[in-house]
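> Could you work out the structure for the sequence below:
(3 chains)
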Amino acid sequence: MIGSFFRVAWHVMRKDLTVEVRSKEVLLTTLFFAVSVVLVFSFAIVREGRAPDDVAAGILWVAVSFSGTLAMGRTFERERYNDTLRALLLAPADRPAIYTGKLLGLLVLLALVEIVLVPLVGLLFNAPILAYPGRLATLLALGTLGFAAVGTLFAAMLVRVRSRDTLLPVLLYPITIPVMIAGVRGTAALFQATPDLAMAQFWIGLLVFWDAIFITLALWTFEPVMTE
Amino acid sequence: MNSDFETLSVVDLARHYGRRKALAQVSFTCQAGEIIGLLGPNGAGKSTLLNILATLISPSRGRVEYGARTAAQGGAEIRGRIGMLGHDLFLYPELTARENLVFFARLYGLTAVEAVAQASLARAGLADRGDDLVSGFSRGMRQRVALERALLHDPRLVLLDEPFTGLDQASTEALVFRLRERQQAGCILVIATHDLEVADGLLSRAIFLKNGRIVGTEEDSRGLSERYRLAIQ
Amino acid sequence: MKTLNPLLIGLSAVMLGVAPWIINAAPYESTMGLVQKIFYFHFPSAILFLVAALICGVASAIFLFGKKASADGWAIAAAELGLVFGSLTLVTGPLWARKAWGVWWVWDPRLTSSLLLWMIFSAYLLLRKYGGPGSDKLGAGMALFGMANVPFIYVSVNVWRTLHPQTSVVPTLPTDMGIPLWFCFAAFAMLFVALLNLRARLEHQRARVEALYLAEDEA
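Numbering: from 1, shown residues only, chains lettered A, B, ... in the order given. As a prediction, this is how the structure comes out:
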């Protein structure tokens, strides 16, 4: 039972990544969008050639959440195009397994975006990204997981709705604010002049807790929400 | 537990979208080895009915019985015995025909997926084009792959939404041949279509739908187009 | 239920009518002055705001998993009331803040979490309005996440900014301030219950009309 769950999730993820490797559309557009977000923010913030301290964490997470929303919308737009989401739901596989597969595919994509985004923010805003790489990676991984867990569910359930493109951020941002706060504050604790490791640790703990709640809720609601 | 079923019964089915009645008071029964046609103009409720039969949409009222069970009782097991060819074909254009087939074979939990995919490609007449992207295929080729995708797991109930759209003479004949072959194998086939000419020789029985209701099922000696005209107009 | 609603509305109308005199009679708080009196309306609406979130979430869970269609009527009624009482909270809060802190808005945990909850209610109602057919199920899913968020938002913003005064005032309030406060709370609560009842009933009756309309020519 557990075996078939992960088998299905794995195949769905691999399928998504194969499609992405062929077209590279979502990765490239998301990446470019993330960089644009960073630039737009730098125009708003930089004064006399210098960025104020303590903005890097905020900008990083805003870029992650904005570009993440774009990627979610696009991956499900792809499933809508030939109505393949219906085909997935019609398969005798566990529906939560299909959700998990979509989530994993999205996470791989966002991880690739972050691999470019983090050094860029570090470079432009003078953030010490290499001071505590393990903790920073943990914060990013957990924050992205929580955000994407809710986003994948919402994007999936909005596939049938006409105004899905505007409704996705409208629903997603208020709900995922706790994850954003934890991500931003935890990252800021690492980036500040004298890093506050205890604080970072606290936010990491909180992120684990939220991720558990969000993923449980998402797995639980996916089945009833996806039946029209 | 054996999840095969010999009959498909639709009992007083209704589906509403807000105040719009997509389907109302739809009841019929079909037996293994029958090809049922759902005929009617656009918006008659054919697609909604197919989606309800596929368990993708739940009815507002009434029920569908697959043998002795309903979709709620059967769950994934029932889903595993249904094959559907949607109007939008259910294929990933960025994948090759073989990748599409292998992916869905795995999703259906089949074993020896490569062999299954190869056999399906051969039946679709695309044994040598299996590694080409679906996006490069013509409508007819896509349709053949999509049909084989829907039949991969040897479903008991086959649902087809406008399968003849955009097909040339040869493709249509091949499709009809394949559907007949499934009929001989004891499947229940339900086809929603506009194409009365093709349907005429193929169907065991026609159900005429208009505004979500059955407006005629009678069997008589008149041609299908004649009966369609009488029922719909 | 039916006879209860007019009673509740009448009672809360009378109580809200005399509330200004009762609030006026309460002792004059020296540091905040007149503005302190806002508290008598602010506190009840804030509590009912949270109660609405709870009702909306629980009703949504019952709708989604218990497949009880009538629960959806309660969920949407609670969401709309949540928005109303949340707006009251968000308007009265800054009026107080202006006097207490000299600015209309500070990013205090309580203010921030109230604003977020208000945003979640708004998003829910936007989904219900523009989600098209099937938005009842989608809304229920969204509401579950919203409810799960309530304690979390609170905890997170609490740690995020710790400069706010820890206001455990309510239980330690002197009786001559406590009586008008609980008086107002009772009035607001009755109004809330009555409105919730009426709004849910409207939704249930609408569902019945739909059902009758749809069944009309099928007998």
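
> Give me the pLDDT for B:Gly37.
Looking at B:Gly37, its pLDDT reads 89.

> May I ask you to confirm that it is in contact with B:Thr193?
Yes. Using Cβ atoms under 8 Å, B:Gly37 makes contact with B:Thr193 at a distance of 6.3 Å. For every residue, glycine as well, the C-beta is placed using N, CA and C.

> Would you pull up how far stretch C:181-198 lies from the middle of the chain?
10 Å (Cα atoms, centre = their mean, to the nearest Å).

> residues of it that come out buried?
C:181-185, C:187-197 (16 or more other Cβ atoms under 10 Å in any protein chain shown).

> got it, and stretch B:192-208?
Here stretch B:192-208 shows B:192-196, B:198-200, B:202-203, B:206-208 as buried, counting by 16+ other Cβ under 10 Å.

> and which of the buried residues of stretch C:181-198 is nearest to C:Trp118?
Nearest to C:Trp118 among the buried residues of stretch C:181-198 is C:Phe192, at 16.3 Å by Cβ to Cβ.

> is it true that that closest one touches C:Val84?
No. The criterion here is Cβ under 8 Å, and C:Phe192 misses it with C:Val84 at 9.2 Å.

> what's the following helix or strand after the helix or strand bottoming out on mean pLDDT in chain C?
The least trusted helix or strand in chain C, going by mean pLDDT, DSSP states H and E, turns out to be helix C:169-172, with a mean of 58. Scanning forward in sequence from helix C:169-172 by DSSP states H and E, the next helix or strand is helix C:175-215.

> Residues of chain B that sit close to chain C?
Within chain B, the positions adjacent to chain C are B:14, B:16-19, B:21, B:24-25, B:60 by Cβ under 8 Å from any Cβ of the partner chain.

> among these, who's most crowded?
Neighbour counts for those (other Cβ atoms under 10 Å in any protein chain shown) peak at B:Ala24, which has 22 neighbours.

> Can you tell me how far the residue nearest to the spatial centre of chain B is from A:Ala97?
Closest residue to the average C-alpha location of chain B: B:Leu159 at 1.6 Å, with Cα atoms, centre = their mean. B:Leu159 sits 23 Å away from A:Ala97, going by Cβ to Cβ, to the nearest Å.

> likewise B:Thr96?
24 Å.

> cool, B:Ala124 as well?
For B:Ala124 relative to A:Ala97 (Cβ to Cβ), the value is 28 Å.

> if we can go back for a sec, what's the closest non-adjacent residue to the residue nearest to the centre of chain B?
Residue nearest to B:Leu159 in three dimensions, not counting chain neighbours: B:Met84, with 4.4 Å by Cβ to Cβ, 6 or more residues apart in numbering or on different chains.

> pretty sure the one you found is in contact with B:Ala150, am I right?
Yes. Using Cβ under 8 Å, B:Met84 is in contact with B:Ala150, at 5.7 Å.

> Quickly list what's touching both of these two.
Applying Cβ atoms under 8 Å, 6 or more residues apart in numbering or on different chains, one finds that B:Met84 and B:Ala150 are jointly contacted by B:90, B:158, B:160.

> Contact partners for residue 88?
Because you didn't say which chain, this covers chain A. Contacts here follow Cβ under 8 Å, 6+ apart; on that basis A:Leu88 touches A:12, A:79, A:98, B:107.

> Chain B is the one I meant
A:81-83.

> quick one: which of those residues is nearest to C:Leu54?
Proximity of these to C:Leu54 (Cβ to Cβ) peaks at A:Asp83, which lies at 38.5 Å.

> Can you report how many residues neighbour residue 76?
Went with chain A since none was named. A:Phe76: 23 neighbours (other Cβ under 10 Å).

> my bad, chain C
24.

> what about the helices in chain C?
C:4-25, C:39-65, C:70-101, C:109-130, C:135-160, C:169-172, C:175-215 (DSSP state H).
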